[in-house]
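Asks: Would you be able to build a 3D model of this:
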Amino acid sequence: MKENICNIPIHDIFGETCGCPICRIEKMLEDIYVEYTTGPAMMAPDVRIITNKKGFCKKHFDLMAEKGPRLSNALILQTHLDEIKQNLLPQNSKKIPTTAQQKGIAQLMSSCYICDRIEHDTVHFLSTVFAEFCEDENFRKSYESQEFLCLSHYSLVMKCVKNDSRLKKAYKKEFITATNNLCKKYLESLVDDVTKFSKMYDYKNRGKDFGTSKDSIERSIDFLCGK
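Replies: Just a heads-up that it's a prediction; the model follows:
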């Protein structure tokens, strides 16, 4: 398939084989949106209205503070904090927050502008993955050669498979098989490695080589939680 502005990032990401490719898509989007939010978006009124209401999770607040200009962070926080002051706290200090205010605080605690953008755009990138899989034999080989899909992204991919028309019927079974293999085969290898790692603490195995089981704990966490 001819490369264009939409599929070039996908080919770059799937050109690598280490880890979960959807995690790499999310990392790419995260870097873009952290820079965008503390850069051009800071002066965009439509974006600021959303960030004032949604705020950010702890992880993305930390990344914005680490990578963005301090003035940008201060201005974003200024209007976000003012939104909380005006709408989520009682104006009369003698009163407790209303039910609506309590609900608003609870929603804010689980809300993040950057997380939402990443989630939305990842689904759109998956549509491109489906299209490339159908139209590009080399991409199919790249997809099948990935190290693994983490459990969360395996679930997401399979969910999107059901409703995305860009995954043509002729290639659907092949894609599902490849996706299952990327999750199941890696999971089976983790089971073997974690089992071996545990057995290596038996005195009978003292001095033997841990082999690929040495980092099985870390790799299992990456599989279960993403990276």
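Asks: Going by C-alpha atoms from here, please, whenever you check contacts or count neighbours.
Replies: Fine.
Asks: how about stretch 191-209: buried residues?
Replies: Across stretch 191-209, burial judged by 16 or more other C-alpha atoms under 10 Å covers 193-194, 196-197, 200.
Asks: so how far does that stretch reach from one end to the other?
Replies: Chord length of stretch 191-209, first to last residue, is 18 Å (C-alpha to C-alpha, to the nearest Å).
Asks: Now do that stretch: everything it contacts.
Replies: Stretch 191-209 is contacted from outside by 210, 212-214, 216-217, using C-alpha atoms under 8 Å, 6 or more residues apart in numbering.
Asks: Give me the subset of these that lies in helices.
Replies: Counting by DSSP state H, those place 216-217 in helices.
Asks: Tell me the one among the contacts of stretch 191-209 nearest to D82.
Replies: I217 (43.8 Å; C-alpha to C-alpha).
Asks: Ignoring the adjacent residues along the chain, who's closest to the closest one?
Replies: V194 (6.8 Å; C-alpha to C-alpha, 6 or more residues apart in numbering).
Asks: Could you point out the helix or strand that follows the least confident helix or strand in the chain by mean pLDDT?
Replies: When the helices and strands of the chain are compared on mean pLDDT, DSSP states H and E, helix 8-14 comes out lowest with a mean of 91. Next helix or strand after helix 8-14 toward the C-terminus (DSSP states H and E): helix 21-37.
Asks: Show me what that next one is packed against.
Replies: Using 3 or more C-alpha pairs under 8 Å, 6 or more residues apart in numbering; DSSP states H and E as the contact test, the elements touching helix 21-37 are helix 8-14, helix 58-67, helix 113-135.
Asks: Among those, show the one with the smallest mean pLDDT.
Replies: Comparing mean pLDDT over the helices and strands packed on helix 21-37, the weakest stretch is helix 8-14, at a mean of 91.
Asks: which other helices and strands contact it?
Replies: Identification of packing neighbours for helix 8-14 by 3+ C-alpha pairs under 8 Å, 6+ apart yields helix 21-37, helix 113-135, helix 137-144.
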